[in-house]
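Q: predicted model and sequence follow; I will ask about them next.
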Amino acid sequence: MKRLLLSITSLLIATAGFSQSCTPDGQFAGSPAGLYPDGPLGPTCELTAPKTIVSLTDTFVTGLPFVGSATMYITRMRINAVVGLPAGLQLGTDVIGTADQDGPWGYWDNTGTIPNQTAAFGCAYVYGTSGDWDAAIGGGPNNDGVYPLEFEVDAFIADAQPAILPLIGGAQWVSQIDPNTGGGSFFIFDTLVVASDYADISTSISGDANVEPGTSYTYSVPQDPNVTYNWTVTNGTIQSGQGSNQIEVVWNGSGNVDVDLTDGGCQGTDDLDVTAIATGLDEVAGINASLYPNPSNGIFNLQMDNTEPLRVRILDVSGKLLRSEQLSGSTVYRLNMENAPIGVYILELETATGRTFKQLIKQ
């Protein structure tokens, strides 16, 4: 008895140290007695592996002495023991507050009166720290992260039809009844699966991979109200949407967009490389300017329609900035690219009235 009391104390202390709990899944209300959903348990982003419980209200027993068979009416249930949990992981319930030395995980009580009872609706869950879950990866009997679980479940028999309680020792727990008269604990078998990527969120960025510098583009991932989003853009500027599942980006040239997602203990990431395209740059609205000769062997003349201050930036097609300078006081400027390798470059022009882009073709 002392060992059991210690285990109850340990469980209550451990539960107080964790914020995890469980809430029964309403879609299974009114279902037959059992654990829901079907299939194995697995850790959620909150580092719990929950199942919804619908209790028994009665059971039909055969092979009884003198009467042959009877319907036993059950008013409460409890878990006496669980076997097979990985080291460090523990079992919790939504009724842990009712736990005592006989019911270390608490009691689920049916409502109503016999024989018209409503089954108790609750939940149980496996929980632990991220380190506990990580340690369970690749474990189990077959070293594959699959753990067969065995729950010893008990039910309180409050009445029977026909009235045979005197024959079985009165109202009591099934585990305390002689097996020859229908007693003994019963067992529920389930499986816990701890996949190597249990804490990963799978996602994929949607948006244009070929971009025109100076133009706004939208990038998004599927929305989840429980997820937080953090975006990072290389060689571009996030105009809006940081913290949401969709952002607007203006690119300076070729670059990358990355998103990190978090949901409780789960994380996910995806990234997308973008390539700046040179075609159509002359058509970007903003400033009246002309460039000649183009192509050129390295000397270009930039013709403006006024003398207002002008910022000039020259980038390669990957978006790398090669030169940046401020010009003013003239309508014609000379751009010297004689030392640049042969190829295509992007000329970004910006004044107080707008911004435009041109191709520079060095031959």
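A: That came in fine, so what should we check first?
Q: so residue 243 versus residue 88, what's the distance?
A: Distance of residue 243 to residue 88, given as Cβ to Cβ, to the nearest Å: 34 Å. For every residue, glycine as well, the C-beta is placed using N, CA and C.
Q: when those two are compared, which one has more neighbours?
A: Neighbour totals were compared for residue 243 and residue 88, and residue 88 leads with 13 against 9 (other Cβ atoms under 10 Å).
Q: please report phi then psi for the residue lying closest to that one once chain neighbours are set aside.
A: Nearest residue to residue 88, sequence neighbours excluded (Cβ to Cβ, 6 or more residues apart in numbering): residue 132, at 3.5 Å. The phi/psi pair for residue 132 (degrees, to the nearest 10) reads phi -60, psi -40.
Q: what do you get for the one 4 residues further on?
A: Here the main-chain torsion angles of residue 136 (degrees, to the nearest 10) amount to phi -80, psi -10.
Q: repeat for residue 35
A: Taking degrees, to the nearest 10, you get phi -110, psi 140 for the backbone angles of residue 35.
Q: for residue 136, what are its contacts?
A: Residues near residue 136 by Cβ atoms under 8 Å, 6 or more residues apart in numbering: 86-89, 145, 147, 194.
Q: nearest residue to residue 265 in space, ignoring adjacent ones along the chain?
A: Leaving aside its chain neighbours, residue 265 sits nearest to residue 47 (4.5 Å; criterion: Cβ to Cβ, 6+ apart).
Q: number of nearby residues for the one you found?
A: Neighbour count for residue 47, taken as other Cβ under 10 Å: 23.
Q: residues touching it, list them.
A: Here residue 47 is in contact with 20, 127-130, 133, 264-265 (Cβ under 8 Å, 6+ apart).
Q: at 10 Å what do you get?
A: Neighbour list for residue 47: 18-20, 89, 125-130, 132-133, 198-199, 264-266 [criterion: Cβ atoms under 10 Å, 6 or more residues apart in numbering].
Q: wait, residue 149 sits on residue 192?
A: Yes. With contact defined as Cβ atoms under 10 Å, residue 149 reaches residue 192; the gap is 5.6 Å.
Q: list the buried ones in the helix or strand hosting residue 134?
A: In this structure, residue 134 sits in helix 130-136 according to DSSP states H and E. Across helix 130-136, burial judged by 16 or more other Cβ atoms under 10 Å covers 132-133, 135-136.
Q: so how far is that helix from its chain's centroid?
A: 17 Å (Cα atoms, centre = their mean, to the nearest Å).
Q: then stretch 230-239?
A: With Cα atoms, centre = their mean as the basis, stretch 230-239 stands 23 Å off its chain's centre.
Q: contacts for it, please.
A: For stretch 230-239, using Cβ under 10 Å, 6+ apart, the contacting residues are 205, 211, 213, 216-219, 221, 241-262, 269, 271, 273-274, 276, 315, 318-321.
Q: can you tell me the SS state at residue 101?
A: Secondary structure, DSSP: H, G, I helix; E, B strand; the rest coil: residue 101 is coil.
Q: mind checking how far it is from residue 91?
A: Distance from residue 101 to residue 91, by Cβ to Cβ: 16 Å.
Q: who has more neighbours, the two?
A: residue 91 (20 against 11).
Q: just after the helix holding residue 134, pick out the following helix or strand.
A: Using DSSP H and E, the helix or strand that follows helix 130-136 in sequence is strand 146-161.
Q: now the element after that following strand, going C-ward?
A: Going down the chain from strand 146-161, the next helix or strand is helix 165-168, by DSSP H and E.
Q: which non-adjacent residue is nearest residue 363?
A: If you skip the residues right next to it in sequence, residue 363 has residue 295 as its closest partner in space, 4.5 Å away by Cβ to Cβ, 6+ apart.
Q: need the contact list for the one you found.
A: Contacts of residue 295 by Cβ under 10 Å, 6+ apart are 342, 344, 359-363.
Q: scan those and report the most crowded one.
A: Within the contacts of residue 295, residue 360 tops the neighbour count with 24 neighbours, counted by other Cβ under 10 Å.
Q: for the lengthiest strand in the chain, name the packing helices and strands.
A: As assigned by DSSP state E, the longest strand anywhere in the chain is strand 246-263. Contacts defined by 3 or more Cβ pairs under 10 Å, 6 or more residues apart in numbering; DSSP states H and E place strand 246-263 against strand 210-211, strand 216-220, strand 228-240, strand 266-276, strand 310-316, strand 343-351.
Q: could you point out which of those strands sits nearest residue 185?
A: Shortest distance between residue 185 and these, using Cβ to Cβ, is found for strand 266-276: 36.3 Å.
Q: quick one: list the elements packing against the closest one.
A: Strand 266-276 packs on strand 210-211, strand 216-220, strand 228-240, strand 246-263, going by 3+ Cβ pairs under 10 Å, 6+ apart.
Q: weakest of the ones you listed by average pLDDT?
A: When the helices and strands packed on strand 266-276 are ranked by mean pLDDT, strand 210-211 comes last with a mean of 85.
Q: tell me the spacing between the residue nearest to residue 88 and residue 45.
A: For residue 132, the distance to residue 45 (Cβ to Cβ) stands at 15 Å.
Q: repeat that for residue 316.
A: On the measure of Cβ to Cβ, residue 316 and residue 45 end up 42 Å apart.
Q: what are the ranges of the strands in the stretch 1-150 of the chain?
A: Taking DSSP state E, counting those that start in this stretch to define them, one finds strands in the stretch 1-150 of the chain at 34-36, 48-54, 58-64, 68-83, 90-93, 107-109, 111-113, 116-118, 121-127, 146-161.
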